[in-house]
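Colleague: What follows is a protein structure lacking sequence information:
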């Protein structure tokens, strides 16, 4: 079911590769059905954690990046540099969004709690801990990718909450528990008996529940975190278009398919690959699916307080693996971050739908031979734009959720341009480091996204 490399590239010098055992099917497999964007055969979606555009791309040329922000008292606060692997985190529940957003004034970030650990210790906090940016030296691979290809400074979360709902939007353009529900999952799951956050998805304990939000903004609705509705994976399956979802854990809030009943309990679960580092081996073996989602470990996630600074190298290792393979010729790599993490950002969402869409800005990098070179997009995008881009590439029907109103990233590409040759992205760690190092498989118990 998984065509490794499209038939149109199995010619000339590539013929020998196409008959190698690792690339079985290359010569006789093509995507089923019509193609909306024939230059692209593979889409890779890399989903990192918890950063705003102001926080992660300070000083990026040509982008709308703030040096300062307002607090709730009307004071101007200069953003200060901090390391990527910092020792504190900021609350980023839906309620934190509401306070920070302050009806579009974007001046309530200082009212949101930050802490050094689960105990609530504040001894490590700098002044104005929400108003910081990451030292650009710590994220040099991200800057290199954004400067060579396309960077978007109007990319917004579709949702106004943390990871669990965000990881639903990236596979289905919604966090509704079912297609007919007027409610949206708005937070991470927690145990209804203890109040402590716990595992997500259809294998979660019976006492697990996730808050839902209604059109009035009321979150006093709860449901077990196992949903049932159509996803992008289903549209791909209907057209026999291969997909894989690489993730460090089967029950993490960072595992979107685990919370969709027919994916978790059906044949599609075989496409959920643990550990996430297997994506590097599959690229090397010529076994990349046509649509791929990649989730990080906690250490490589960029998530505050738990990351070890390896996130930029992790992303670079995936991009370099694709760029130095035959896949480069027809691949689009979409890199974004799942939520704002509590960090300051100065640009308010352009619209509020359902009392829950949109959320704050997050960075977006589009990497492809057909990405517009050195381009900064000022067009409004969101997570559903990525879903809609995949729909456009493979000429799929709409899911009918947020993808109905989203753009499809069209301004980020120029399919008439000569395809750009790949240039290796320098990074301190390479694919071999991630494949060889033993790393804890997922976020720690009491996932920091719930802080």
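Modeller: Structure received. In this text, all values refer to a predicted model and were calculated from it rather than measured experimentally. Numbers count the residues shown, from 1 in each chain.
Colleague: number of nearby residues for residue 416?
Modeller: Residues lying near residue 416 (other CB atoms under 10 Å) number 7. In short, each C-beta sits where N, CA and C put it, glycine included.
Colleague: actually residue 83, not the one I wrote
Modeller: Using other CB under 10 Å, residue 83 has 13 other residues around it.
Colleague: so it touches residue 138, yeah?
Modeller: Yes - the criterion here is CB atoms under 8 Å, and residue 83 meets it with residue 138 at 5.8 Å.
Colleague: Can you work out which residues contact both of those two?
Modeller: Common contacts of residue 83 and residue 138 (CB atoms under 8 Å, 6 or more residues apart in numbering): residue 309.
Colleague: Now residue 381. Nearest residue, chain neighbours left out?
Modeller: Nearest residue to residue 381, sequence neighbours excluded (CB to CB, 6 or more residues apart in numbering): residue 155, at 4.6 Å.
Colleague: That should have said residue 104, apologies.
Modeller: Per CB to CB, 6+ apart, closest to residue 104 is residue 348, 4.6 Å.
Colleague: And for the longest helix seen in the chain, what's in contact with it?
Modeller: Ranked by residue count, the top helix of the chain under DSSP state H comes out as helix 311-323. Residues from elsewhere that reach helix 311-323 (CB under 8 Å, 6+ apart): 44, 46, 48-49, 84, 138-142, 145, 279-280, 283-284, 288, 294, 296-297, 300-302, 328, 331, 333, 335, 367, 422-431, 433-434.
Colleague: Kindly report the same for stretch 420-434.
Modeller: Against stretch 420-434 from outside (CB under 8 Å, 6+ apart): 140-141, 144-145, 148-149, 277, 280, 284, 300, 310, 312-314, 316-321, 323-324, 328, 368-371, 373.
Colleague: need the helices for the stretch 151-300 of the chain, in chain order.
Modeller: Here the stretch 151-300 of the chain has its helices, by DSSP state H, counting those that start in this stretch, at 163-172, 232-238, 261-264, 278-284.
Colleague: so where's the stretch 301-450 of the chain uncertain?
Modeller: Low-confidence segments of the stretch 301-450 of the chain (pLDDT under 70): 438-450.
Colleague: what about residue 297, how many residues close to it?
Modeller: A count of neighbours around residue 297, defined by other CB under 10 Å, yields 27.
Colleague: helix or strand right after the helix or strand containing residue 335?
Modeller: Counting by DSSP states H and E, the element that carries residue 335 is strand 331-337. Later in the chain than strand 331-337, the nearest helix or strand by DSSP H and E is strand 364-367.
Colleague: what lines up beside that following strand in the sheet?
Modeller: strand 150-152 (antiparallel), strand 331-337 (antiparallel) (DSSP bridges).
Colleague: what's in contact with it?
Modeller: With CB under 8 Å, 6+ apart as the test, strand 364-367 has contacts from 142, 145-146, 149-152, 155, 319, 332-336, 377, 381, 409, 412-413.
Colleague: how about the helices of the stretch 151-300 of the chain in TSV, adding distance to residue 102 and mean neighbour count?
Modeller: Output for these, formatted as TSV (distance: least, CB to CB, whole Å; neighbours: other CB atoms under 10 Å):
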stretch	distance to residue 102	mean neighbour count
helix 163-172	21	28
helix 232-238	34	20
helix 261-264	38	20
helix 278-284	40	20
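Colleague: So for residue 182, what's the pLDDT?
Modeller: Confidence at residue 182, expressed as pLDDT, is 95.
Colleague: correct me, but it touches residue 213?
Modeller: No - with contact defined as CB under 8 Å, residue 182 does not reach residue 213; the gap is 9.9 Å.
Colleague: These two: which is more packed in?
Modeller: Neighbour count, other CB under 10 Å: between residue 182 and residue 213, residue 213 has more, with 25 against 11.
Colleague: list the contacts for the more buried one?
Modeller: Applying CB under 8 Å, 6+ apart to residue 213 gives the contacts 94, 183, 184, 185, 186, 219, 221, 354, 355, 356.
Colleague: so the strand holding residue 335 versus helix 163-172, what angle?
Modeller: Using axes from the mean of the first three to the mean of the last three CA atoms, to 10 degrees, one finds that strand 331-337 and helix 163-172 are set 160 degrees apart in direction.
Colleague: Let me have the strands paired with strand 364-367 in JSON lines, adding distance to residue 265 and mean neighbour count as columns.
Modeller: Shown next, in JSON lines, are the strands paired with strand 364-367 (distance: least, CB to CB, whole Å; neighbours: other CB under 10 Å):
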{"stretch": "strand 150-152", "distance to residue 265": "36", "mean neighbour count": "27"}
{"stretch": "strand 331-337", "distance to residue 265": "28", "mean neighbour count": "25"}
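Colleague: Columns distance to residue 250 on top of those strands, output as TSV?
Modeller: Conversion of the strands paired with strand 364-367 to TSV gives the following (distance: least, CB to CB, whole Å):
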stretch	distance to residue 250
strand 150-152	32
strand 331-337	23
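Colleague: Would you tell me which of these gets closest to residue 171?
Modeller: Among the strands paired with strand 364-367, the nearest to residue 171 by CB to CB is strand 331-337 (13.1 Å).
Colleague: Off-centre distance for the closest one?
Modeller: Mean-position distance between strand 331-337 and its chain equals 8 Å (CA atoms, centre = their mean, to the nearest Å).
Colleague: that older thread, please identify which of the strands paired with strand 364-367 is closest to residue 102.
Modeller: Ranking the strands paired with strand 364-367 by their distance to residue 102 (criterion: CB to CB) puts strand 331-337 first, at 22.2 Å.
Colleague: can you list the residues that contact the closest one?
Modeller: 40-51, 56, 142, 145, 155, 302, 315, 318-319, 322, 362-371, 383, 386, 389, 393, 409, 413.
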